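**Q** Sequence below, structure please.
(2 chains)
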Amino acid sequence: MSMILLAEQVLNGLQLGVMLFVMAAGLTLVFGVMGLINLAHGSLFMIGAFAAAAVAGATGSFLLALIAALSAAAAVGALVEVVVIRRLYDRDHLDQVLATFALILIFSEGTRWIFGSFPLFLNIPPYLAGPVTLPGGIEYPLYRLTLITIGLSIAAALFWLINRTRLGIQIRAGENDREMIAALGVDISKLYTIVFALGAALAGLAGALVGAIQSVQVGMGEPVLILAFVVIVIGGIGSIKGALIAAILVGLTDTLGGVLLPALFKQFMEASAATSIGSSLASMAIYILMAVVLIWRPTGLFGARA
Amino acid sequence: MKLKALALASCMAALTAPVAAEGLKVGMITTLSGGGAGLGIDVRDGFMLAVSQADRKDIEVVIEDDQRKPDIAVQLADKMIQSEKVDVLTGIIWSNLAMAVVPAAVAQGKFYLSPNAGPSVLAGKGCNPNYFNVAWQNDNLHEAGGAYANTADYKNSFILAPNYPAGQDALTGYKRMYEGELAGELFTKLGQTDYASEIAQIRASGADSVYFFLPGGMGISFLKQYADSGLDIPVVGPAFSFDQGILQAVGDAALGVVNTSQWNKDIDNATNAQFVKTFQEAYGRLPSLYASQGFDTANLLMSAMDVADVSDADAFRTALQAADFDSTRGDFKFGSNNHPVQDIYVREVIKEGDIFTNKIIGTALSDHADVYAADCKF
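**A** Next comes the predicted model:
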C-alpha cells in the first residue's frame, strides 16, 4: 500500500467526517437541548439537495443553489417545529420516533409528488471541478477539498456561536435545565424554533453539498441519518465538540476500514474470499467502534448524561 | 339475518368480480414508491401502454406497490391470488423480492412473467414451467461486459459491485467471459453513496479498464465522482447504470461510456419504432429498457391469450413458450428454462439535443442463453 494512496484515503475519511459533522451537529443540538429524537433530520438533508438541484437547474448558479438549500431547509424546519415537533417535547421518545417517522414518509412522498420519481441532476460548478495536485504528488478532487474547508469553517462558527454568543449561552442553559431558563424569562419556544431551524439549515446545506457528487433522489437522507445517529451517540448527546471528533473518527474508520481490512485479510487468505470477508467486516467497523466507545464511556466521548 | 348476510355477500361479490368471466386477470406487484420507484413505474407504464394499444376487453390488470420490501410483496401476492383471484402475476423488479414471491406463486399453479429480475436460482435448479422471464437472467448483461472487454482488448480490469447476491452474480458473470487479468476486485456496501476510497484504489491499481455494477443511485454517485477524480481509464457497466431514467441525473459524466443492454431505442424494427414513438406521446419521456421489458411482457401475455385460454394451463404454457409476439428487441425466443435467448448489444452514451441517451455501437453476444439452463429440469 503506497503512502500516496493512504494519504488520499485519510483525506477521503476526513471529508466524509466533516460532512457527517454538519449533518450531526443539528441532530445533537436538537437532541441535547430539547430532548427530541428527530428521525426526520434525513428528510431535511433531502430537501436541501432537491432545493439546490431545482435552483441550480433554473439559474445555473451553484452559490444560489446553496443559499436556496439553506433557506428551504431552515424554513421547512421552522414550519415543522411549530406545527408538529412542538407538541412532542413532553411526550416520551417512542411517540417522538413515531411522529418523526411519519414525517419521513410524508416528506419522501411529497418530494416525489413535486419532483417525480427519477433522480435529479446537480453537478459541481465548473470552477470547483477536476483534481488538483497536492504536495507529495497526491491528485485530489478540488471539490472534496472545498467540502473539508467548508465543514471545518462551519465547525469553527458553531463553536463560536455556542461558546461566545448570547444564543449560545441560552442553548447551553437549555441543555442543563429548561424549566430554569424559562423561569429566567427566556422565550423558550422561540429558542427551540431557532435551534431546530439552525439544525435543519445545516442538514439542508450538507444535502446540497453532498448532492453535487451523489445522486439527488427520494430517500437519500436515510442512510446518512443512521451514520449521524452513530456520530452523536459516540460523541455524546448534545456535545458539538463530541460530534466533531466522533464524525471524523467515524469518517476515518469507515474509509480506512474499507481499504485496510481487505488488504489485511489478503495477507493470509485467497484474494476473493479476503475481499468478501474484508468488505463485510469493513461495513461493521463503525458499529464496532460505537460499541467499544459505549463500553468504555457509556455516555459517549463528551456526553454529560446517558 | 342469514338472508341479509347472503344478499350482502352476493352484492359484494358482484362488486368485486365484474363481467370478465372469460377474461384474464393480471396481478402486477412492482415498486412504485421509495428510492427504486423509477424502475417500477417504467415497467408499469410499458406494460399498460401495450395493454391499452391492444384495446382488449378480456384483460384486467390489478397494480400494487411493493415498496421494495419482500414482506410486503409476499402479502400482496397472497392477496392477489386469494381474494383478487388473478391468473397471472408479474411486475417484480428486485431479485430478492422475486425469490420471496415467485416459488410460492407458481407452486399454486399461477403463471409468473418476470419483466425484470432474473435470479440464477429460478433459471437453474429452482426453475418452474410456469415461470417465464421476459427480460434476462441476471448474469447476462455482465457476461456481455466481459465479452466486450475481450474485443476491446482490455487486459487488466478493475471490477466492483455491491456486496449482495446480484452483485456477486454480476462479477461472476463478467469473469465467466473475460479472459484478461484482474487489477482488483471490490465489493462495496449496498446503497453506498461515496466512492472516493474505491476510486483511489482504482487509481493506485494500474488497471486499464473498470467494470462496475452499481444500479440506480449508486451508479449516479460513482460516475459523477469518477469523472471529477481526473481518472481517464475507460469504464464499462451494464445498462442498469445508464438507463433513460438516470442518465439525465449523471449528465456529462456519462458521456461516451460504454454499457451493455439487450434493448435500445434505436434497434431497427417496426415494433420498436412504434413503441418508442407511442411511449413518448403517452408519457412525455423517452422509454428505458425497463419500459421495453414491461411492454414485451404484456405483448407476450396477450399473444398467448390469442391462442389459448388461461384455464387450460398446459395449452396456455405452450402458447407462452412459443413467444409468438413482435418484441421490441426483434427476435425473441425462450430457451429450455423459459429464459430469453437473445442478442446483447454494446451501447454508448451520447447526447441528442439536450437529452442524454444511448446508441448501439456493436453486438457483444449473439443468441445468448444463460449457463443455468443445464441445471433446469421441468
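**Q** Would you map the strands across chain A?
**A** Ranges of strands in chain A, per DSSP state E, are A:131-134, A:138-141.
**Q** Local confidence estimate at residue B:4?
**A** Per-residue confidence at residue B:4 stands at 53 (pLDDT).
**Q** Correction: the previous question concerned residue B:48.
**A** At residue B:48, pLDDT is 96.
**Q** next one: the one 5 residues further on
**A** According to the per-residue confidence, residue B:53 scores 95 in pLDDT.
**Q** isn't it right up against residue B:277?
**A** No: counting by C-beta atoms under 8 Å, residue B:277 is not a contact partner of residue B:53; they are 11.5 Å apart. C-betas here are computed from N, CA, C, even on glycine.
**Q** least trustworthy helix or strand in the chain by mean pLDDT?
**A** With no chain named, the answer covers chain A. helix A:178-183 (a mean of 84; mean pLDDT, DSSP states H and E).
**Q** Show residues contacting stretch B:124-133.
**A** B:102-103, B:106-107, B:109-114, B:118, B:122-123, B:300, B:313, B:317, B:320-321, B:334, B:337-340, B:372-378 (C-beta atoms under 8 Å, 6 or more residues apart in numbering or on different chains).
**Q** go with 6 Å
**A** B:102, B:106, B:111-114, B:118, B:122, B:317, B:320, B:337-339, B:372, B:375-376, B:378 (C-beta atoms under 6 Å, 6 or more residues apart in numbering or on different chains).
**Q** on that earlier part again, go through the least confident helix or strand of chain A and flag the buried ones.
**A** Buried residues in helix A:178-183, defined by neighbour count with 16 or more other C-beta atoms under 10 Å in any protein chain shown: A:178, A:181.
**Q** For it, which helices and strands make contact with it?
**A** Judged by 3 or more C-beta pairs under 6 Å, 6 or more residues apart in numbering or on different chains; DSSP states H and E, helix A:178-183 is in contact with no other helix or strand.
**Q** re the thing from before, of the strands of chain A, which stretch is the most buried?
**A** strand A:138-141 (a mean of 20; mean count of other C-beta atoms under 10 Å in any protein chain shown).
**Q** What is that one packed up against?
**A** So strand A:138-141, by 3+ C-beta pairs under 6 Å, 6+ apart, packs with helix A:3-34, strand A:131-134.
**Q** Take stretch B:56-75, keep the C-alpha atoms, and write them as CSV.
**A** Once non-C-alpha atoms are left out, stretch B:56-75 reads as follows in CSV (Å, rounded to 0.1, in the frame of the first residue of the first chain):
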residue,chain,number,x,y,z
ARG,B,56,-58.9,-5.7,-25.4
LYS,B,57,-61.9,-6.2,-23.2
ASP,B,58,-60.7,-9.5,-21.8
ILE,B,59,-57.7,-8.4,-19.8
GLU,B,60,-57.8,-6.8,-16.4
VAL,B,61,-54.7,-5.5,-14.5
VAL,B,62,-54.5,-5.0,-10.8
ILE,B,63,-51.5,-2.9,-9.8
GLU,B,64,-50.0,-2.7,-6.3
ASP,B,65,-46.8,-1.1,-4.8
ASP,B,66,-44.4,-3.4,-3.0
GLN,B,67,-42.3,-0.5,-1.7
ARG,B,68,-39.2,-2.6,-2.5
LYS,B,69,-39.9,-4.8,0.6
PRO,B,70,-40.0,-8.6,0.3
ASP,B,71,-42.6,-9.0,3.2
ILE,B,72,-45.0,-6.5,1.5
ALA,B,73,-44.5,-8.2,-1.9
VAL,B,74,-45.4,-11.6,-0.3
GLN,B,75,-48.6,-10.1,1.3
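**Q** Please identify the most buried of the helices and strands packed on strand A:138-141.
**A** helix A:3-34 (a mean of 24).
**Q** Any residue of that one touching chain B?
**A** Yes: Helix A:3-34 is in contact with chain B by C-beta under 6 Å from any C-beta of the partner chain, via A:5, A:8-9, A:12.
**Q** Can I get those in CSV including pLDDT?
**A** Converted to CSV, the residues of helix A:3-34 next to chain B look like this (pLDDT from 0 to 100):
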residue, pLDDT
A:5, 87
A:8, 90
A:9, 91
A:12, 93
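**Q** Now residue B:272: closest residue in space that isn't a chain neighbour?
**A** Nearest residue to residue B:272, sequence neighbours excluded (C-beta to C-beta, 6 or more residues apart in numbering or on different chains): residue B:328, at 4.3 Å.
**Q** I'd say the one you found and residue B:273 touch.
**A** No: using C-beta atoms under 6 Å, residue B:328 is not in contact with residue B:273, being 9.2 Å away.
**Q** Have a look at the two and say which one is more surrounded.
**A** The neighbour count for residue B:328 versus residue B:273, taken as other C-beta atoms under 10 Å in any protein chain shown, is higher for residue B:328 (28 against 14).
**Q** which residues of the chain score low on pLDDT?
**A** All of this refers to chain A. Applying pLDDT under 70 to chain A flags residues A:1, A:304-306.
**Q** Switch to chain B, please.
**A** Checking chain B against pLDDT under 70 turns up B:1-22, B:35.
**Q** Show me what from it comes close to chain A.
**A** So chain B meets chain A at B:34-35, B:37-38, B:41, B:163, B:185, B:187, B:189, B:191, B:193, B:196-197, B:200, B:204, B:217, B:220-221, B:224-225, B:228-230, B:245-246, B:248-249, B:251 (C-beta under 6 Å from any C-beta).
**Q** redo that, cut-off 8 Å
**A** Residues of chain B lying near chain A by C-beta under 8 Å from any C-beta of the partner chain: B:33-35, B:37-38, B:41, B:163, B:185-189, B:191, B:193-194, B:196-198, B:200-201, B:203-204, B:216-218, B:220-221, B:224-225, B:228-230, B:245-246, B:248-253.
**Q** just the buried members of those?
**A** Here, 16+ other C-beta under 10 Å leaves B:33-35, B:37-38, B:41, B:163, B:185-189, B:193-194, B:196-198, B:200-201, B:203-204, B:216-218, B:220-221, B:224-225, B:228-230, B:245-246, B:248-251, B:253 buried among these.
**Q** now the helices for the stretch 51-200 of chain B?
**A** Counting by DSSP state H, counting those that start in this stretch, the stretch 51-200 of chain B has these helices, from start to end: B:70-82, B:95-107, B:120-123, B:140-151, B:165-177, B:196-205.
**Q** and of those, who's closest to residue A:141?
**A** Nearest to residue A:141 among the helices of the stretch 51-200 of chain B is helix B:196-205; the distance by C-beta to C-beta comes to 7.9 Å.
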